[in-house]
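**Student:** Quick one, what's the 3D model for this:
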Amino acid sequence: MPGPGLRVFGQTGVRAVALVLHGGQETSKVAAHRLRPAYLRMLPFARDLRSAGRAAGLAAWVLRYRYRGWNVPDLDPVADAHWALGEIRRAHPGVPVVLVGHSMGGRVALHVAGDEQVTAVCALAPWTPGSEPVGQLAGRTVLIAHGDRDTVTDPALSYDYAVRAKVVTDTVCRFDVCGEGHAMLRRAREWRLLVRRFTLGVLKIADLDHVIASALAKPSPGGLSVPL
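**Tutor:** Below you'll find the predicted structure:
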């Protein structure tokens, strides 16, 4: 059986960690590997976060799942994310963790947000079926961003999820990335800037971006369909 893997950017002087979670597919027991586009797509986010937060002790950990699939009822990537959080806890006990996930990785991030070290979740084009739980988000800060031309995961479902999440935690915002599809390639720089500003802001490494702060502060449904 393959094991999950971790690529770590920053191993000394760590005061916070961003755990980066890649996408996948609904069902597959094929091993995930380092050359898959879903995994490679997230490396620039990790490098950018480490570069921007290095002086403040921000490390970025990229998880590679055992398998490509979500795989009901096993939920393999969820188990892998819990394992990764345990590894972070062992290496850096007590440090705050921000989860950054794309597509299936966004679903994974939202699922494991109840972990004691997690303070915030950044879900990019997340796969959020209507049955997804939200109770684990209590006390967390959540940013969701979704391309308005995404035909792989449904922006309407992530909006519905954000509305339900806002009942559990006041600090939820959601952005419509105009003109963007699922792969986050047309506006790659803007995706990275959004993730960087949110992550550094919620960790208090930098002032929280005023657009994000304004969206978080608005009562529902305000702040849940902000054009980017």
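**Student:** buried residues in whichever strand or helix holds residue 189?
**Tutor:** Element membership for residue 189 (DSSP states H and E) is helix 188-202. Neighbour-count burial for helix 188-202 flags 190-192, 194-202 (criterion: 16 or more other C-beta atoms under 10 Å). The C-beta positions use only the backbone N, C-alpha and C, and glycine is treated the same way.
**Student:** How about residues contacting it?
**Tutor:** Residues outside helix 188-202 that contact it (C-beta atoms under 8 Å, 6 or more residues apart in numbering): 18, 44-45, 48-49, 52-53, 56, 58, 98, 100, 119-120, 122, 124, 141, 143, 145, 175, 177, 180, 184, 206-209, 212-213, 228.
**Student:** Then stretch 161-169?
**Tutor:** With C-beta under 8 Å, 6+ apart as the test, stretch 161-169 has contacts from 110, 126, 128, 132, 134-135, 137-142, 144, 172-174, 220-221, 224.
**Student:** Let's see which of those end up in helices.
**Tutor:** Within the contacts of stretch 161-169, residues falling in helices by DSSP state H are residue 110.
**Student:** pLDDT weak spots in the chain?
**Tutor:** 1 (pLDDT under 70).
**Student:** Residue nearest the middle of it, spatially speaking?
**Tutor:** The residue lying closest to the centre of the chain (C-alpha atoms, centre = their mean) is residue 100, at 2.3 Å.
**Student:** For the protein, just list every one of the helices.
**Tutor:** For the chain, helices defined by DSSP H occupy the ranges 37-40, 43-53, 76-91, 104-111, 155-168, 188-202, 210-217.
**Student:** Brilliant, that's me finished.
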